[in-house]
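In: Take this sequence and fold it.
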Amino acid sequence: MNGEIHCSHPENLGGRDPGSCSPEQRRICHPPETQGANSEGDSMADTTLKEKVEAALDKVRPALVADGGNVELVDVTNGIVKVKLVGRCAGCPMSQMTLKNGIERVLKQEIPEVKQVISA
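Out: Model prediction:
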């Protein structure tokens, strides 16, 4: 890999090495289902927190991708982060350990506002 991060989803690989989406690439190849919608509970603080969470998830993604899996951010509300483990991580018997001892630990270290990480 040349240091550039590429999307790990097969439909977006284009022959490049697997990696993970950068926040900019994620907006293009994985747009949020509610893009442009602003619900009452979605505050500016949650939006900023989501950006921080995405950046922290980018740090753990390479390890997940190396094992054939990945993690997708579903939602961040009041410090509770909902994620979805995908690929080989979705059916792995160690997924809860990965979620709590890996992803949650890193997110809490990086972002003090994160209270808990749960599976969606």
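In: Report the buried residues of stretch 67-74.
Out: Buried positions in stretch 67-74, judged by neighbour count with 16 or more other C-beta atoms under 10 Å: 69-71, 73. Using the backbone N, CA and C atoms, a C-beta is placed for each residue, glycine as well.
In: three-state assignment of residue 89?
Out: With DSSP: H, G, I helix; E, B strand; the rest coil as the basis, the three-state label of residue 89 is coil.
In: give me the number of residues near it?
Out: Close neighbours of residue 89, defined as other C-beta atoms under 10 Å, add up to 20.
In: now swap in residue 111 and tell me
Out: 16.
In: surely it meets residue 52?
Out: Yes: applying C-beta atoms under 8 Å, one finds residue 111 in contact with residue 52, separated by 5.0 Å.
In: Packing partners of the helix or strand where residue 65 lies?
Out: In this structure, residue 65 is located in helix 44-66 according to DSSP states H and E. With contacts defined as 3 or more C-beta pairs under 8 Å, 6 or more residues apart in numbering; DSSP states H and E, the secondary structure elements packing on helix 44-66 are helix 23-29, strand 69-77, strand 80-87, helix 105-110.
In: at 7 Å what do you get?
Out: Where contact means 3 or more C-beta pairs under 7 Å, 6 or more residues apart in numbering; DSSP states H and E, helix 44-66 is packed against helix 23-29, strand 69-77, helix 105-110.
In: Can you flag the weakest of the ones you listed by average pLDDT?
Out: Set side by side, the helices and strands packed on helix 44-66 differ in mean pLDDT, and helix 23-29 is lowest with a mean of 51.
In: Could you export the buried residues of stretch 67-74 as CSV, including distance to residue 93?
Out: Output for the buried residues of stretch 67-74, formatted as CSV (distance: C-beta to C-beta, whole Å):
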residue, distance to residue 93
69, 13
70, 17
71, 17
73, 23
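In: Now the two most distant members of those.
Out: Looking at those by C-beta to C-beta, the two members farthest from one another are 69 and 73, with 14.6 Å of separation.
In: picking that back up, name the residues of the helix holding residue 65 that are buried.
Out: Applying a neighbour-count criterion of 16+ other C-beta under 10 Å, the buried positions in helix 44-66 are 46, 49-50, 52-54, 56-58, 60-61, 64-65.
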